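Visitor: can you look at this prediction? I've put the sequence above it.
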Amino acid sequence: MTARTIAEQVRAGERRATEVVEAALVEIATHDSDLHAFTEVHTASAREAAEAIDAAVAAGNDPGPLAGVPIGVKDNICQRGRVTSCASKILEGWQPPYDATVVGRLAAAGAVIVGSTNMDEFAMGSSTENSVYGPTRNPADHSRVPGGSSGGSAAAVGAGMVPLSLGSDTGGSIRQPAAFCGVVGVKPTYGAVSRYGLVAFASSLDQIGPFAANVGDAALLLEVISGHDPLDSTSLDAPAPSLVAHLDEGVAGLRVGLCKDLIEGASTEITAAVAASAELLAAQGAEIVEMSIPELHYGLSAYYLIAPAEASSNLARYDGVRYGLRVDAANVAEMNAASRTAGFGDEVKRRIMLGTYALSAGYYDAYYAQAQRTRTLIIRAFAEAYASVDLILGATTPTTAFEIGAKVSDPMEMYLSDVFTIPTNLAGHPAISVPAGTGAGGLPIGVQLLGPALSEERLLRAAAVIEKGRA
Amino acid sequence: MAELPDDWEMVVGLEVHTELATSTKLFCGCSNAFGGEPNTNVCPVCLGLPGSLPVLNEKAVELAIRIGLALHCEIAPSVFARKNYFYPDQPKDYQISQYDKPLNGIGHLDLPDGTRVVVERAHMEEDTGKTTHLGGTGRIHGADESIVDYNRAGVPLVEIVSGPDIRSAEQARLYAAELRAILIATGASDGRMEEGSMRVDANVSVRRGPDAPFGTRCEIKNLNSLRSVQRAIDHEALRQVMLLEAGETVTQETRHWDEDAGRTQTLRSKEEAYDYRYFPEPDLVPLAPSDEQIDAIRASLPPMPAERRRTLLGLLGDSVTEAHADQISSVVDQDLDRFVTAAAAAGVGAPLALARVANELAGALGDGGELEEGTMVVLLEMEEAGEVSATQAKAVLADLVAAGGGDPRAVAKAKGFEQMDAGALDAVLDAVIAENADAWQRYVEGDDKLAGFFTGKVMAATKGQADGKAVNASLRQRRG
């Protein structure tokens, strides 16, 4: 059942939120011991919230557009009084004294948070293997990864435990796991969704976005969480867009660029899925044009300087002084070092060191500044592309989900999983990964649609056409 | 203190941090109040909790621009940057500051002695918390434990960086005093050095004569008063000269001024200096005040101390003495010149008004208290008209300040101060002269020092009601 149907029925008094939430809790109890998508299930508070929604409906009040819909929230989005650990030992057990803006908006819309979802530590990774809680498994094949870093959120929706979840996307952390788990994932325009309460990885790239089993539900969730937030200075001064209402308006007359730089290097089955998706769009009146943006090839290198540089600063605060893990030592500096050594995992340490180096005196110009110039080049290249096309179509990932453990010993190989998703984050643009069939072993394939800033409505329309065409 | 020996010259630049007088902190809604129970004025943002984000305080920007305009700085589109270093009193382990694009660029400050000191920049940044080291040495190295109060974390600061244009410790003190007066005049800061509202660091080096290249500099921290600015710089310059004269070298380092011991000590060497890894703060957008905003702020700025000193000089006319100049500096620094201009506007003689404000009023207010300008003007008018003597006026003033105001005439009357007529004064003088005939004879024969003796006797006999000037005039008249 879709989130929209659940909300409609709960609002109309035709279905009780408590029943919906109980059903979700049963699904989680059934599947999550294998999948491990959740780091913590909020059984008691979810039941309380559901009861409050039922009471509101009974009293003639409207609990909101997500009334009674169970949702999972990534473990890096602050929930007041709930452990929010970023799947890191250094924040093990930390409970924020405040809610992220999106968490407040979910509650105001009647959604029921049933649990926190697993992730790569501090959102650094592409497999959800770098978690202090242990790895999450892919619902389509338990020997494989769900992708990452929002692997828990993707697996929770992919396994049908919840109809919706929230993730965060810094270089592909929503779209790549969405593709691996066969669900819809949206990375919104930078600034469209408030980052207040999202524990920062790379501030200039991070965005919170929705996972859903279908395009319509993703649109609904995105509507709820979007819109200006005075607590986030980078929040766009724009009202939340109307997305669901325009979902069925099709793609007739849109020019869609089939971008070879977002396809080359992908497996044969994924390349075929992209071509098939192009045909679905063309069949509904879109004009498909082949195109190339060669600058996108520099994206990965620029990203792996900018993101670690920002991370090295964002993660400095985990020093053992105020909260989180403290390992006692002879003096403050040694305590800082001992706490960080014990509290951070290898991938986090690797990126902190990389970022610290990139910002250091004597190296700044060659690394960080050069990466920023490259970022500017990519933004310009996209702007030029969008002067002649409305949307860009490509692959979300080079391959389908890989085996657990296959890439943990080779960071570069792991980083390449995000080669198609990273350019969007550098540009601050929105993109969506939508299911486009399955490949060998029944593993899900996702294709990616990219658009200019604030083109979410257009992206979702096109994704809906692909979804409908495959049905 | 002391001139440097031989042809040595000191080169000094000052970095002054001033807290802005906003009601809330720079990036959150917490109160910006001095003191308070430790860790009570805090929230997720100023504690740097995971997920929190800064939102810039518009009022702080306005005050920073006021400082920039008062220092003739170029106001430029600016970018906040992160200054990264680990320290327990810094909640995020980075400080949000400004680096290569400060809000206020090149400007200048003219010292009362006419020296122009370049202001290289005046940028915005957030303050840190405050660490207290307990037990052991009481310093960060060797303390038993350290506790941190984050109430000050996130308080808005402007750091004003001078060029290396200062050539003496006295000049450095003058610069700090003038800057403090400017900050107070703009309303951007209360300038209270003892509360840390204004903090001064000095970069000091020495060289042989004005044409020699700059020497290796040391940065002196912990200068908590204008006096320590001057003492510390004098001491540090002399230390460096003695090192160089002995054939040794000056090591670039940060030094701590120990006010009690009267010397500087190594805090950290250049090798221990941080690499701050500045980069643009991605959580904030660039700050680009509009021309309209800048013009509006400029139009709202009151006259600055230099202009106010010129105004007072103008009131004095041609009869300006060095004492007057000191009084003028003093009343402007203390923001008391409005009393002088108000009195002058009411027709009171400027020298009298200036002297009373610089000495008696400043003294009385210095002990705490307030007074309306109009009240002071009435009292000055009374003194000038001879309704009360100088001594009586001082007593009335003390009562007025203590009471926070009142009617000067009512206070004078209540104290029994009434004008002595000439006849009464003559009678007292007759009696005093009769009682001290020998002394009077010596005075008549030319021992001028005895004038004070007789004035004192008359004052004592009249319990201070006699007007000192009238007594003096009578004494001279009687001597013939």
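Guide: Everything's here; your move. Residues are numbered from 1 along each chain as shown, chains lettered A, B, ... in the order given.
Visitor: and the closest residue to chain A within the stretch 101-250 of chain B, what is it in contact with?
Guide: Distances between the stretch 101-250 of chain B and chain A by CB to the nearest CB are smallest at B:Ser146, namely 6.4 Å. Using the backbone N, CA and C atoms, a C-beta is placed for each residue, glycine as well. For B:Ser146, the contact set (CB atoms under 8 Å, 6 or more residues apart in numbering or on different chains) comprises A:332, B:88, B:131-134, B:140.
Visitor: what's the first helix or strand after the helix or strand harbouring it?
Guide: Secondary structure here is read from DSSP states H and E; on that basis B:Ser146 sits in strand B:145-149. Of the helices and strands lying after strand B:145-149 in sequence (DSSP H and E), the nearest is strand B:156-162.
Visitor: can I get that following strand in CSV? Just the C-alpha atoms.
Guide: Presented in CSV, the C-alpha positions along strand B:156-162 are these (Å, rounded to 0.1, in the frame of the first residue of the first chain):
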residue,chain,number,x,y,z
PRO,B,156,30.2,38.6,18.7
LEU,B,157,33.6,40.1,18.3
VAL,B,158,35.3,42.5,16.0
GLU,B,159,39.1,42.1,15.7
ILE,B,160,40.8,45.4,14.7
VAL,B,161,44.3,44.9,13.3
SER,B,162,46.6,47.8,13.0
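Visitor: quick one: contacts of that strand?
Guide: By CB under 8 Å, 6+ apart, strand B:156-162 touches B:13-20, B:22, B:25-26, B:32, B:57, B:60, B:63-64, B:67, B:71, B:97, B:104, B:109, B:117-127, B:175, B:179, B:188.
Visitor: find the centremost residue of chain A, please.
Guide: Nearest to the centroid of the C-alpha atoms of chain A, with distances taken as CA atoms, centre = their mean, sits A:Ile174, at 2.5 Å.
Visitor: list phi and psi for it.
Guide: phi -100, psi -50 (degrees, to the nearest 10).
Visitor: same deal with the one 10 residues further on?
Guide: Recorded main-chain torsions at A:Val184 are phi -90, psi 130, according to degrees, to the nearest 10.
Visitor: list the residues that contact it.
Guide: Under the criterion of CB under 8 Å, 6+ apart, the neighbours of A:Val184 are A:178, A:210-215, A:217-218, A:432-435, A:463, A:467.
Visitor: most surrounded residue in those residues?
Guide: Neighbours were tallied for each of the contacts of A:Val184 (criterion: other CB atoms under 10 Å in any protein chain shown), and the maximum of 38 neighbours falls on A:Ala178.
Visitor: distance of that one from B:Lys413?
Guide: Here the distance between A:Ala178 and B:Lys413 works out to 89 Å (CB to CB, to the nearest Å).
Visitor: quick check: next helix or strand after the longest helix along chain B?
Guide: The residue-count maximum for a helix in chain B (DSSP state H) belongs to helix B:226-245. Elements were assigned by DSSP H and E; along the chain past helix B:226-245, the next helix or strand is strand B:253-258.
Visitor: picking up where we left off before, buried sites along the strand holding B:Ser146?
Guide: Residues of strand B:145-149 classed as buried by neighbour count (16 or more other CB atoms under 10 Å in any protein chain shown): B:146, B:148-149.
Visitor: likewise stretch A:225-245?
Guide: Neighbour-count burial for stretch A:225-245, counted by 16+ other CB under 10 Å, picks out A:225-227, A:229, A:231-236, A:241, A:243-244.
Visitor: average pLDDT for stretch A:262-274?
Guide: Computed over stretch A:262-274, the mean pLDDT rounds to 97.
Visitor: please disregard the earlier target; I meant stretch B:423-439.
Guide: Taken as a whole, stretch B:423-439 carries a mean pLDDT of 87.
Visitor: next one: stretch A:59-75
Guide: Here stretch A:59-75 scores 98 as its mean pLDDT.
Visitor: endpoints of it, how far apart?
Guide: In terms of CA to CA, to the nearest Å, the two terminal residues of stretch A:59-75 are separated by 34 Å.
Visitor: point out the residues in the stretch 351-471 of chain A that sit beside chain B.
Guide: For the stretch 351-471 of chain A, the residues in contact with chain B (CB under 8 Å from any CB of the partner chain) are A:356, A:359-361, A:364, A:368.
Visitor: make it 10 Å
Guide: For the stretch 351-471 of chain A, the residues in contact with chain B (CB under 10 Å from any CB of the partner chain) are A:355-364, A:368-369, A:372.
Visitor: buried subset of these?
Guide: Buried, going by 16+ other CB under 10 Å: A:355-360, A:364, A:368, A:372, out of these.
Visitor: so which of those residues comes closest to chain B?
Guide: Nearest to chain B out of those is A:Leu359 (CB to the nearest CB; 3.8 Å).
Visitor: what about A:Ser143, how many residues close to it?
Guide: 13.
Visitor: meant to ask about A:Pro177, not that
Guide: Taking other CB under 10 Å as the neighbour definition, A:Pro177 ends up with a count of 39.
Visitor: quick check: nearest residue in space to the residue of the stretch 1-150 of chain B found nearest chain A, chain neighbours excluded?
Guide: The minimum distance from the stretch 1-150 of chain B to chain A, using CB to the nearest CB, falls at B:Asp93 (3.5 Å). Spatial nearest neighbour of B:Asp93, chain neighbours left out: A:Ala316 (3.5 Å); criterion: CB to CB, 6 or more residues apart in numbering or on different chains.
Visitor: same question, B:Phe27
Guide: Excluding its sequence neighbours, the residue lying closest to B:Phe27 (CB to CB, 6+ apart) is B:Pro54, at 3.4 Å.
Visitor: who's in contact with residue 150?
Guide: Since you didn't name a chain, this refers to chain A. Residues in contact with A:Ser150 (CB atoms under 10 Å, 6 or more residues apart in numbering or on different chains) are A:72, A:74-76, A:117-120, A:123, A:128, A:136, A:156, A:165-170, A:172-178, A:181, A:185, A:208-209, A:211.
Visitor: look at chain B instead
Guide: Listed by CB under 10 Å, 6+ apart, the contact set of B:Tyr150 reads A:322, B:30, B:38-43, B:46-48, B:89-91, B:128-130.
Visitor: so of the residues you listed, which ones are in strands?
Guide: Using DSSP state E, the members of the contacts of B:Tyr150 that fall in strands are B:Lys130.
Visitor: and the pLDDT for A:Glu290?
Guide: In the prediction, the pLDDT value recorded for A:Glu290 is 98.
Visitor: beta partners for it?
Guide: Beta-bridge pairing of A:Glu290 under DSSP bridges involves A:Leu258.
Visitor: that one contacts A:Lys260, correct?
Guide: Yes: taking CB atoms under 10 Å as the definition, A:Glu290 is a contact partner of A:Lys260 at 6.8 Å.
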